[in-house]
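Asks: I need the structure of the sequence given here:
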Amino acid sequence: MLAVIHDSVDYLVPSTEDDERFSRWSGQAFSAGVASSLSVPLQAHGETLGAMNLYSGHSNGFTETDKPLARMLAAQAAVCLLNGQIYDRAARLSEQLQIALQTRTTIGQAIGILMEREGLSADAAFANLKTVSQTSNVKLREVAQAMLDHHHSTIADSTSGRAALDAFPGKRRGPAGGRL
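Replies: Purely as a prediction, here's the structure:
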């Protein structure tokens, strides 16, 4: 019952057959076999998160004495709901941070390629990437990834085997001091 969420108060409908406060809802509920209901807000930290609706197939299935128990159950359900929301936010934030770290590395590598190929400063290389991103309406990380993909495919096409490693600045050396 939406009124519970809006008003943040309990609503007891002893009989849906003759309820006048929520006549439209009560008529539909009665037709569906709901004879009475008790609705309480799901509240946590002063915020109404939703409503817990209890239904009975009997008129007067709930009374005023049922409200404290319903509120206690609703408080526990609200804590579970709030914990689920907090967990979901934390999971999304973690995912966003992982993407940000990957993006930072990708953009940094693309900047390095531009610096080496074009003789640009880091700021100028970043400005170049940003301009391409804005003029092509493509996310910066996608422009940087495309540049890396192109760079790697160029290396793979032009070299093979040990020569591929020689194409990288600061060639790696093996355990015996020889090139890998």
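Asks: ok now the longest helix along the chain, how far from the chain's centre?
Replies: In the chain, with assignment by DSSP state H, the single longest helix is helix 67-118. The chain centroid and the centroid of helix 67-118 are separated by 6 Å, computed with Cα atoms, centre = their mean, to the nearest Å.
Asks: Can you tell me how far the closest residue to Asn128 other than its chain neighbours is from Lys67?
Replies: Leaving aside its sequence neighbours, Asn128 sits nearest to Leu114 (Cβ to Cβ, 6 or more residues apart in numbering; 5.9 Å). In this view, the C-beta of every residue, glycine as well, is placed from N, C-alpha and C. Using Cβ to Cβ, to the nearest Å, one obtains 68 Å as the distance from Leu114 to Lys67.
Asks: higher neighbour count, those two?
Replies: Leu114 (22 against 15; other Cβ atoms under 10 Å).
Asks: thought the more buried one was touching Ala127?
Replies: No - under the criterion of Cβ atoms under 8 Å, Leu114 makes no contact with Ala127, lying 9.8 Å away.
Asks: Which parts of the protein are strands?
Replies: Assigned by DSSP state E, the strands in the chain fall at 11-13, 36-44, 47-56.
Asks: Tell me which of those strands sits most buried.
Replies: Most buried of the strands of the chain, by mean neighbour count (mean count of other Cβ atoms under 10 Å): strand 36-44, with a mean of 23.
Asks: Would you mind getting the angle between that one and strand 47-56?
Replies: Angle, strand 36-44 to strand 47-56, by axes from the mean of the first three to the mean of the last three Cα atoms, to 10 degrees: 160 degrees.
Asks: which residues does Val40 contact?
Replies: 4, 10, 51-52, 67, 70-71, 74 (Cβ atoms under 8 Å, 6 or more residues apart in numbering).
Asks: Kindly recompute the last result at 6 Å.
Replies: Val40 makes contact with 10, 52, 70-71, 74, according to Cβ atoms under 6 Å, 6 or more residues apart in numbering.
Asks: just Val13 next, same as before
Replies: The neighbours of Val13, taking Cβ under 6 Å, 6+ apart as the test, are 19, 36-37.
Asks: Switch the strands of the chain over to JSON lines; also include mean pLDDT and distance to Val132.
Replies: Shown next, in JSON lines, are the strands of the chain (pLDDT from 0 to 100; distance: least, Cβ to Cβ, whole Å):
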{"stretch": "strand 11-13", "mean pLDDT": "93", "distance to Val132": "58"}
{"stretch": "strand 36-44", "mean pLDDT": "95", "distance to Val132": "47"}
{"stretch": "strand 47-56", "mean pLDDT": "94", "distance to Val132": "44"}
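Asks: now the ones you listed as JSON lines including distance to Gly119?
Replies: Formatted as JSON lines, the strands of the chain follow (distance: least, Cβ to Cβ, whole Å):
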{"stretch": "strand 11-13", "distance to Gly119": "73"}
{"stretch": "strand 36-44", "distance to Gly119": "58"}
{"stretch": "strand 47-56", "distance to Gly119": "57"}
